[in-house]
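> Just need the structure, nothing else, for what follows:
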Amino acid sequence: MVMGSQISSGCVEAAIGSDGDSAGTQPFHEKVILELKKDGVEGGVFGDIDLDEHREWVERICNLSGVTAHLPLWGLSQIKILADFIELGFEAIIVAHNEKYFGEEWLGKRVDIAFLAHLSEMAKETDITPCGEAGEYHTLVIDGPIFKQRIEILETVNRYNNGYWFLEISKSELREK
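Here you go, the predicted model:
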């Protein structure tokens with residue numbers, strides 16, 4: 001499991017739970033946050049930038065559970081956030097995207113300065129948001145300064161479903177830096 005590799009890489013402590021509900025419903029999220037609260041967690045950090053409905057959802061779930069929601073990126077420039085992410089030495093790859101913005105060949109591509117330049121050009125003609133806040137694309141962070149090990153993606157399969165391309169990662173390993 002790639003998420004398990006991210007946790008094992010030493011970048012974060014995380015709680016992963018599953019109640020068999022792959023839809024990720026609100027009651028499941030409430031249940032996970034309540035469990036974290038029982039373990040002494042008092043706040044959660046969320047990466048939302050400017051979509052009010054996301055912020056409202058995060059705050060509602062956290063408030064119901066008595067946990068404080070922290071949104072440190074809220075209202076910041078998406079171009080600056082992405083440029084800082086790259087400059088700080090984080091590595092991410094595109095793992096899903098809307099076909100409206102990208103072709104299949106973008107799966108697995110690195111989020112780097114060239115990608116940022118491409119997004120800037122696309123923004124002149126489309127409604128794309130630089131950080132993919134409206135679901136244009138999703139990434140997986142595979143390395144960065146807070147990782148003790150990097151995630152090496154070894155085997156993937158491209159999948160298409162309902163207007164979106166997905167990079168299904170079937171094999172990955174942690175590698176020493």
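
> can you list the domain ranges for this protein.
Using automatic domain parsing, the domain ranges for the chain come out as 2-70, 78-176.

> Can you add mean pLDDT and mean neighbour count and give those domains back as a markdown table?
Where C-beta positions appear, they are placed from N, C-alpha and C, glycine not excepted. Shown next, in a markdown table, are the domains of the chain (pLDDT from 0 to 100; neighbours: other C-beta atoms under 10 Å):
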| stretch | mean pLDDT | mean neighbour count |
| --- | --- | --- |
| domain 2-70 | 75 | 14 |
| domain 78-176 | 96 | 15 |
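
> what about the helices in this protein?
Under the criterion DSSP state H, the chain contains helices at 2-8, 26-38, 52-65, 78-87, 113-123.

> Counting by contacts, list what the second one packs against.
Same thing as helix 26-38. helix 52-65 (3 or more C-beta pairs under 8 Å, 6 or more residues apart in numbering; DSSP states H and E).

> Direction-wise, compare the helix it packs on with helix 26-38 and give the angle.
50 degrees (axes from the mean of the first three to the mean of the last three C-alpha atoms, to 10 degrees).

> And the contacts of helix 52-65?
For helix 52-65, contacts defined as C-beta atoms under 8 Å, 6 or more residues apart in numbering pick out 26, 29-30, 33-34, 36-37, 43-44, 46, 48, 68-69, 71, 74, 133.

> So which residue of this protein lies furthest out from the middle?
In the chain, the residue that sits farthest from the middle, by C-alpha atoms, centre = their mean, is Lys38; the gap is 25.6 Å.

> so Trp106 makes contact with His97?
Yes. Trp106 is within contact range of His97, at 5.9 Å (criterion: C-beta atoms under 8 Å).

> Just want the most central residue of this structure.
Nearest to the mean C-alpha position of the chain, by C-alpha atoms, centre = their mean, lies Thr139 at 5.4 Å.

> residue contacts, that one?
Contacts for Thr139 (C-beta under 8 Å, 6+ apart) come out as 92-95, 111, 132.
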